[in-house]
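Novice: sequence plus the predicted model coming up.
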Number of protein chains: 2
Amino acid sequence: MSPFKVLAFDIFGTTVDWWTGIAGQACRLAAGRGIELDGGAFAEDWRGRYVPSMDRVRRGELPWQNLDALHRRSLDELLDEWGIGSAFDEPARAELVRAWHRLPSWPDAAGGLARLRDRHVLAATSNGGFALLTNLVKAERLPFDCVISAELARHYKPDPEVYLMVAALLDAEPAEVLMVAAHIWDLAGARAAGLRTAFVERPLEKGPSGQADRAEDADADLVATSFTDLATQLGC
Amino acid sequence: MSPFKVLAFDIFGTTVDWWTGIAGQACRLAAGRGIELDGGAFAEDWRGRYVPSMDRVRRGELPWQNLDALHRRSLDELLDEWGIGSAFDEPARAELVRAWHRLPSWPDAAGGLARLRDRHVLAATSNGGFALLTNLVKAERLPFDCVISAELARHYKPDPEVYLMVAALLDAEPAEVLMVAAHIWDLAGARAAGLRTAFVERPLEKGPSGQADRAEDADADLVATSFTDLATQLGC
């Protein structure tokens, strides 16, 4: 029997494939403007600004703003640095930011969640904004029971407020919550807040040539290769 | 085409049948203690204390507490007034409060929501706590896209904060949100906050002899007899 009441799933990289989704949408949008873009490199550069931008909010250098706002801020920098800013007007930039609301899920995600759902409450628990997460989950028909965005705490992971909010909102002790993520920094934050942790290896998270976190470096209670593997390990 | 982006559904009475659920569970729990209880009357008396208890929080007479805490407070009063307090120990009282986490949905609810979901974001929007709502929705497998409990705003409907939170979290203008409820007071609050309104008539909400709100008294943008009727009216 699983000792967990709640399974909290990270989303970007863990549940959905941001690299493929952003690379494809950016490439297509650029092509419509006559620009041949290396979508994968663009996606990686954009995503590389994710943790630093949140850290500025976490340190209090920027006022609270949700991930859409941070994505827009880093997109503006990115387009300038790539020398293609003039090709992307306001509606095009808004559409690019919106690309993060529609990303393909990993092939095992929906099936694994469906098995895990019978015995656990499943929460989509991400630094993405509430609308973003709701849109992602809806578009991919992922069988989560609820969406708990970091936006609700006005804190970003790995701040403990986010992990503790999940436990509090779902009437669980922190140790009854299993945080599932493909990122070592996220699981370290969860563990520091008293949650249990599961590392899911996503070797292609940063594209075919990117350096994704690896299972051998993860210090987690459970290590799995997919959501279906996790379901098997938890007896679901 | 539907002009709404988000459909926000009230839960108790509108989506689930609290009268049948509480009457049955209270009756069964009492029988296990040798008490023959009129479950329906007990459910109605308990539910009758719902709006007054929230109003005390809304007026600032009680500090913020979620609906489980208010249910427990009113249950303690109720058991005393009914002269059966001694038969219900702490675990039995906790179990009774927990009865509100598992209630049958109206027969048209899941099917109507499934049709409406293709074109709208569906939010469970209730004064119930976040865990309570998540448990209710999960047990009945209701296809909502997200749970937005009043607990997240630390306000109870009909305070405008709750309705405006739904719009803000889902990136919608208030007028793009349709509040769906079987209660005139809820829709009046939604309208005052700038939302659109749909009244769904639930004649049995307060049991076979109770006085449920009626369509002819509702001042709403739409009036429907069920969620499937609402789906048809919205072209879904």
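Specialist: Arrived safely.
Novice: now do the contacts for the residue lying farthest from the centre of chain A.
Specialist: Distance from the centre of chain A peaks at A:G34, with 30.6 Å (CA atoms, centre = their mean). The contact partners of A:G34, taken as CB atoms under 8 Å, 6 or more residues apart in numbering or on different chains, are A:A87. To be clear about C-beta, it is placed using only N, CA and C from the backbone, and glycine gets the same treatment.
Novice: number of nearby residues for A:R93?
Specialist: Using other CB atoms under 10 Å in any protein chain shown, A:R93 has 17 other residues around it.
Novice: next up, the contacts around it.
Specialist: So A:R93 contacts A:72, A:75-76, A:79 (CB under 8 Å, 6+ apart).
Novice: could you pick out the buried ones from these?
Specialist: Buried members of the contacts of A:R93, counted by 16 or more other CB atoms under 10 Å in any protein chain shown: A:75, A:79.
Novice: what's the closest of the contacts of A:R93 to chain B?
Specialist: A:R72 (13.3 Å; CB to the nearest CB).
Novice: helix or strand right after the strand or helix carrying the closest one?
Specialist: Element membership for A:R72 (DSSP states H and E) is helix A:67-81. Remark: after helix A:67-81, the chain's next helix or strand is helix A:90-98, criterion DSSP H and E.
Novice: excluding its backbone neighbours, what's nearest A:P63?
Specialist: A:V57 (7.7 Å; CB to CB, 6 or more residues apart in numbering or on different chains).
Novice: read off the pLDDT value for the one you found.
Specialist: A:V57 is assigned a predicted lDDT (pLDDT) of 95.
Novice: could the contacts of A:R93 go into TSV alongside distance to A:N135 and pLDDT?
Specialist: Listed next are the contacts of A:R93 as TSV, based on distance: CB to CB, whole Å; pLDDT from 0 to 100:
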residue	distance to A:N135	pLDDT
A:R72	16	98
A:L75	18	98
A:D76	22	98
A:L79	23	97
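Novice: which among the contacts of A:R93 gets closest to A:P158?
Specialist: A:R72 (22.9 Å; CB to CB).
Novice: may I have the residues that are in contact with that closest one?
Specialist: So A:R72 contacts A:93-94, A:97 (CB under 8 Å, 6+ apart).
Novice: then A:G210?
Specialist: A:G210 touches A:19, A:44, A:204, counting by CB under 8 Å, 6+ apart.
Novice: which one (most neighbours) among those residues?
Specialist: Going by other CB under 10 Å, A:W19 tops the contacts of A:G210 with 25 neighbours.
Novice: I'd say that one and A:E205 touch.
Specialist: Yes. In this structure A:W19 lies within contact range of A:E205 using CB atoms under 8 Å: 6.5 Å.
Novice: quick one, domains of chain A?
Specialist: Structural domains annotated on chain A: A:6-17+A:103-233, A:18-101, as defined by automatic domain parsing.
Novice: first vs last residue of the first one, how far apart are they?
Specialist: Chord length of domain A:6-17+A:103-233, first to last residue, is 15 Å (CA to CA, to the nearest Å).
Novice: do a quick rundown of the strands in chain A.
Specialist: A:6-9, A:121-126, A:146-149, A:177-181, A:196-200, A:222-224 (DSSP state E).
Novice: for the residue nearest to A:L103 when sequence neighbours are not counted, which residues are in contact?
Specialist: Leaving aside its sequence neighbours, A:L103 sits nearest to A:G21 (CB to CB, 6+ apart; 3.5 Å). By CB under 8 Å, 6+ apart, the contact set of A:G21 is A:99-100, A:102-104.
Novice: and what of A:D10?
Specialist: A:125-126, A:157, A:179-183, A:186.
Novice: which one of these sits closest to B:F12?
Specialist: Checking the contacts of A:D10 against B:F12 by CB to CB gives A:T125 as the nearest, at 26.6 Å.
Novice: what residues does chain A put near chain B?
Specialist: By the rule CB under 8 Å from any CB of the partner chain, the part of chain A lying against chain B is A:117, A:121, A:129-131, A:134-135, A:137-138, A:145-147, A:149, A:151-152, A:169-171.
Novice: try 6 Å this time
Specialist: Taking CB under 6 Å from any CB of the partner chain, the part of chain A that reaches chain B is made up of A:130-131, A:134, A:138, A:145-147, A:152, A:169-171.
Novice: among those, name the ones in helices.
Specialist: A:130-131, A:134, A:138, A:169 (DSSP state H).
Novice: quick one: residues contacting A:L75.
Specialist: A:L96 (CB atoms under 6 Å, 6 or more residues apart in numbering or on different chains).
Novice: that one and A:R58, how far apart?
Specialist: 20 Å (CB to CB, to the nearest Å).
Novice: just give me the neighbour total for the closest residue to A:W46 other than its chain neighbours.
Specialist: Among residues not flanking A:W46 along the chain, A:L78 sits closest, at 5.6 Å (CB to CB, 6+ apart). A:L78 sits with 20 neighbouring residues when counted by other CB under 10 Å.
Novice: picking that back up, quick one: which of the ones in helices among the residues of chain A next to chain B has the most company?
Specialist: So for these (other CB under 10 Å), the most neighbours sit at A:T134, 27 neighbours.
Novice: so A:V166 makes contact with A:I148?
Specialist: Yes. Here A:V166 reaches A:I148: they are 5.4 Å apart, a contact under CB atoms under 6 Å.
Novice: spit out the residues that contact these two alike.
Specialist: In contact with both A:V166 and A:I148: A:123, A:125, using CB under 6 Å, 6+ apart.
Novice: thank you, goodbye.
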